Each structure stands twice: as structure tokens, then as C-alpha cells.
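What follows is a predicted structure for the sequence shown.
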Amino acid sequence: MSFRWWTIGTLTIAASMGAGIALNARENSHATQIVETAIDSLERKAPQEFDRLLAANVRFDNIFTLPDRPVALQGREAVSAHIEGILSLFEQFEFAHKRFYATQDDRTVFIEARGDFIVQETGAPYRNTYVFAIEVNNDRITAIREYNRNL
């Protein structure tokens, strides 16, 4: 129950930041398909496939970042390096209970999911609740905003 309320609150905040964005469950939208492909490439630990979906000037904002992680990254090289670094930390990198919500203009997709990761070094589980706001333009991801809560 807390997952749902936290997610609704985060989606509300994220949507209000975009002023006037209307959400609906458009699971078959074009932007949603691109984002689903991106998430799938992460889960398969195929960062080169993820990289091909990024615009050259992509921006990644980690809203609730760890103290030793950057808050904002700009450009495909920086975002790709960050993603590869994260994937290398985990032997299992899966998102459970994924839900996708596209905006009516089919440019922004919100994802809510639970991370079900296994730490490479220790074998310990690492679980967070996530909401991502991902913007898509001309079939490329142009912005990623990550919101997470450690369980």
C-alpha cells in the first residue's frame, strides 16, 4: 500500500513540474515502446543497446541521489558511462511490477517499478521503489529523471 501512495505522490509532483501534463495509461504508445525497449536492455545488462536509444544531448537527473553520485549528467557519453557503472555493481538487475504511463502528447513516459537487484560483490539484495520520467523526441530518449526510495 505504501508503494502505491508514494508512487502517486511522486507522479503528481513530477507531472506538476511539467505544468499541464495529462497522464493516461497508453501502454502501446510509440514513446512507451521506446522506453520499454530501453528498460529491457538494462535488465539484460546490454548497455550498448540502451546507448543507441539516447539522444546525443540526453540529460539524466537523479533527484534523490546517493552522496557519492552525480545529481545531473549531460550528454550520451556521460549518461552511458553512468549506466554502465551502475550495471557493473549488480549481478541481477530487474524491475518488478513495472507500470508505464504516457502523456497525451506521447513525449513523456512515467514508469513506476520496484528494483529487484542483487549486489555483485556481496550477493545481497538491493531493493528500491522507482519512478522515472523519460522524455522521448524523434525516437530518442532526451531526458531521464529518476526518483527512488530505498525500502
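Looks like it came in fine.

which residues touch residue 95?
39, 43, 111, 113-116, 130 (CB atoms under 8 Å, 6 or more residues apart in numbering). Every C-beta, even on glycine, is put in place using the N, C-alpha and C of the backbone.

Near residue 87, how many other residues are there?
19 (other CB atoms under 10 Å).

next one: residue 96
Counted by other CB under 10 Å, the residues lying close to residue 96 total 9.

same thing with residue 108?
Neighbour count for residue 108, taken as other CB under 10 Å: 24.

Just grab the bridge partners of the residue nearest to it when sequence neighbours are not counted for me.
Computed as CB to CB, 6 or more residues apart in numbering, the closest residue to residue 108 that is not its neighbour in sequence is residue 135, at 5.1 Å. Beta-bridge partners recorded for residue 135 (DSSP bridges): residue 108, residue 143.

Roughly how far does residue 135 sit from residue 110?
From residue 135 across to residue 110, the span is 11 Å (CB to CB, to the nearest Å).

just residue 98 next, same as before
11 Å.

Over to residue 88?
Taken as CB to CB, the span from residue 88 to residue 110 is 27 Å.

what does residue 99 give?
Using CB to CB, one gets 8 Å for the distance from residue 99 to residue 110.

do the same with residue 81
Applying CB to CB to residue 81 and residue 110 gives a distance of 25 Å.

higher neighbour count, these two?
Between residue 81 and residue 110, counting by other CB under 10 Å, residue 110 is the more crowded of the two (25 against 14).
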